[in-house]
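Asker: pasting the sequence and the predicted model now:
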Amino acid sequence: MAKSRIETFKAFLEKDPGNSLARYSLAMEFRKAGRYDDALARFAELIERDPEYVPAYFMCGQTAVEAGKVEEAKKVLRVGIDVASNAGETHAAEKMAELLATLE
C-alpha cells in the first residue's frame, strides 16, 4: 500500500528534522485534510526552527482563520509582515497585510 503524503513528509522529517520545506509541506497536507490544529502546530514548529521562512507566516495565518482562531492569525500575520519586509519580500508582506486588514 502506498504511503499517504502526510506519512511521506513525516518520514522526510525523521531523516532531516531541519528540512523546512518538508515541515511546510507536512503542515499544508494537514491543512488540506482539515486537521487545522496539527497544521498550526507544524507551522509553529517551522517558524520557531526557521523564523525567516516567510511562506509559513501567511499560510499559518490563513489556517488560523480557517480554524476560527482569528486572534492567533492576527499575531502571526503581524510578525510575518515584519519578517517579509526585512527580507525584502514586499509581495508577501503586502498579501499578509491585506489578509490582516480583513480581520481588523
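Answerer: Alright, I've got the coordinates.
Asker: mind checking how far V70 is from D37?
Answerer: Between V70 and D37 the computed distance is 15 Å (Cβ to Cβ, to the nearest Å). (C-beta placed from N, C-alpha, C; glycine too.)
Asker: again with T102
Answerer: Distance from T102 to D37, by Cβ to Cβ: 23 Å.
Asker: so between the two, which is more surrounded?
Answerer: In this view T102 and D37 are compared by other Cβ atoms under 10 Å, and D37 has more residues nearby, 11 against 7.
Asker: isn't K10 right next to A27, touching?
Answerer: No - K10 is not in contact with A27 according to Cβ atoms under 8 Å; the separation is 11.5 Å.
Asker: okay, those two: which has more neighbours?
Answerer: A count of neighbours by other Cβ under 10 Å puts A27 above the other of K10 and A27, at 25 against 16.
Asker: next, count neighbours for the closest residue in space to the more buried one that isn't next to it in sequence.
Answerer: Closest residue in space to A27, ignoring its immediate chain neighbours: R42 at 3.6 Å, by Cβ to Cβ, 6 or more residues apart in numbering. For R42, the neighbour count with other Cβ under 10 Å is 27.
Asker: and the helix or strand harbouring R42, what's buried?
Answerer: Secondary-structure assignment from DSSP states H and E places R42 in helix 36-49. For helix 36-49, a neighbour-count test (16 or more other Cβ atoms under 10 Å) marks Y36, D38, A39, L40, R42, F43, E45, L46, I47 as buried.
Asker: so which other helices or strands are in contact with it?
Answerer: Packing contacts for helix 36-49, counted by 3 or more Cβ pairs under 8 Å, 6 or more residues apart in numbering; DSSP states H and E, involve helix 20-32, helix 54-66, helix 70-86.
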